[in-house]
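sequence unknown, structure follows:
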């Protein structure tokens, strides 16, 4: 069973005027830049099913992400939210379903050969930030960011270092460019990871519980970096437990449990959701 | 009856033959060094074969178990007398020695590499793929540098073992240290003196190599540990530091 919010709908499923969504914006973070119903979504997942051995963790889930939209996916452990996120850049290969990013098909669903793309092509347009950061420990912060630019984008070295330095500066860590990950705090490492993903100029950024492995004191600096990215208009899909942050930033919010979407909605979702299970979960966290 | 007194031991023969002994040791080191370089390459290939999903992994496992169980003397004689007949090539004692050592030690080194590769967190590969690197680039630039760092201490121990194993190569006529020592003993009848000196060569080599491999370990750790290691790796961080301090423009 699948529930998705139709375009322009409010949190309770009733159709509302798209412009009205803008009225509930929390100060500082603009709503999706383009709410044109005719524009093709940046990411479109249809009927995603995934099995690990005997266990089916996703039972045919749909998700649509529009240009400039910030989508938040939340829910209890084992709900399949990380698996769904990782299906977007094919770190998990769905067993069934369609994964379309910018109009190109990458999933197992049948389509014309001209519309199909390779996983590597996909990952060069989608950036990802992991819960455990996964910085490369044998490289300095600068080299961590520059590796993708030099090897994936084939940029010449001086240009790559220039862009890498700019990316580090944008997360406020230029001073630590020569440091190795072992010399950085968790929050700094995660910000370098964000710089590493963003420097490649992706069309979509994926965040898999980016603050779950951090000390509470360090969570704020990472959220600040994400907020700054959101304000610049980046399309983002975020799996997180930080529901205060999600309430602030989420244009479209999805609550998942046991491999299916329970309920979803636009801004104001956290205060106006209808399903009792959603209310229970949000009540426990917020 | 020869009494174990200093009068019976003529230590001056050690000095008398020092040139020949050194040369012999040089041959042993040359053989072991060649064998090490080739074994590390072959060992890595075999490790990857063992870890692959294709039928190659059975071949790799067979090879590893065969040669881990084989004594070096058997391996040496088999290569020099057997393999050369099979292939119709006449190996020189040095060539046969290197081949025998490579066959034996690649098996051990491949297991060392396999353990090192399996120790790398899956997330490192995922992070590499997520930034758009090709699978091969992920292996070369993300996984292999980290795995090598893990494998180096064990490879160092293997190398010391390899140097000692060159001592069986006198059986096929290689002019390494034991061969020279035997020849000197037959001329001077001073086995205790000469074999003690020979042992001394191996022990000194072990100490020096231990120091060198520990230095390599400290160089590969990020950030490098110790003043010498830091000086050697300065180049990597210097450019990043220059950029960090704003000396190089960002543009």
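The structure has been received and is ready for your questions. Note that the structure is a prediction, hence the values are computed from the model and not measured.

residues making contact with the strand or helix carrying residue B:60?
Under the criterion of DSSP states H and E, residue B:60 resides in helix B:56-68. Defining contact as C-beta atoms under 8 Å, 6 or more residues apart in numbering or on different chains, one finds that helix B:56-68 is touched by B:46-47, B:49-51, B:75, B:103-104, B:106-108, B:110-111. Where you see a C-beta, it was placed from the backbone N, CA and C, and this is true even at glycine.

And the residues you listed, which two are furthest apart?
Within these, B:51 and B:75 form the most distant pair, 24.8 Å apart (C-beta to C-beta).

Which one's more surrounded, those two?
More crowded of residue B:51 and residue B:75, by other C-beta atoms under 10 Å in any protein chain shown: residue B:75, with 21 against 15.

Tell me, how many residues neighbour residue 166?
No chain was given, so I picked chain A. Other residues close to residue A:166 by other C-beta under 10 Å number 15.

Let me rephrase: I mean chain B.
Using other C-beta under 10 Å, residue B:166 has 28 neighbouring residues.

Now do the contacts for it.
Per C-beta under 8 Å, 6+ apart, neighbours of residue B:166: B:28, B:31, B:32, B:97, B:101, B:174, B:176, B:177.

would you turn those residues into JSON lines with secondary structure?
Conversion of the contacts of residue B:166 to JSON lines gives the following (DSSP: H, G, I helix; E, B strand; the rest coil):
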{"residue": "B:28", "secondary structure": "helix"}
{"residue": "B:31", "secondary structure": "helix"}
{"residue": "B:32", "secondary structure": "helix"}
{"residue": "B:97", "secondary structure": "helix"}
{"residue": "B:101", "secondary structure": "helix"}
{"residue": "B:174", "secondary structure": "coil"}
{"residue": "B:176", "secondary structure": "coil"}
{"residue": "B:177", "secondary structure": "helix"}
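
Drop anything exposed from the residues you listed.
By neighbour count, with 16 or more other C-beta atoms under 10 Å in any protein chain shown, the contacts of residue B:166 hold B:28, B:31, B:32, B:97, B:101, B:174, B:176, B:177 as buried.

what residues are up against the closest residue to the fourth one other than its chain neighbours?
Nearest non-adjacent residue to residue B:97, counting by C-beta to C-beta, 6 or more residues apart in numbering or on different chains: residue B:169, 4.4 Å away. Contacts for residue B:169 (C-beta under 8 Å, 6+ apart) come out as B:28, B:31, B:76, B:93, B:97, B:176, B:178, B:179.

From those residues, pick the one nearest chain A.
Set against chain A, the nearest of these by C-beta to the nearest C-beta is residue B:31 (32.1 Å).

Could you measure from that closest one over to residue B:101?
According to C-beta to C-beta, to the nearest Å, residue B:31 stands 7 Å off from residue B:101.

where do the helices sit along the stretch 51-200 of chain B?
B:56-68, B:72-77, B:84-87, B:93-119, B:122-130, B:135-138, B:144-165, B:177-188, B:191-220 (DSSP state H, counting those that start in this stretch).

and the next helix or strand after the last one, what's its mean pLDDT?
So that's helix B:191-220. Sequence-wise, the next helix or strand downstream of helix B:191-220 (DSSP H and E) is helix B:227-244. Averaging pLDDT along helix B:227-244 yields 74.

Please apply the same query to stretch B:88-100.
Averaging the model's pLDDT scores along stretch B:88-100 yields 90.

same check, this time on stretch B:212-223
What stretch B:212-223 shows for mean pLDDT is 87.

Equivalent analysis for stretch B:181-191, please.
Stretch B:181-191 shows a mean pLDDT of 91.

pLDDT below threshold where in the chain?
With no chain named, the answer covers chain A. Along chain A, the model assigns pLDDT under 70 to residues A:1-38.

To clarify, I was referring to chain B.
Applying pLDDT under 70 to chain B flags residues B:1-7, B:236, B:244-251.

longest helix in chain A, by residue count?
What stands out as the longest helix in chain A, according to DSSP state H, is helix A:216-231.
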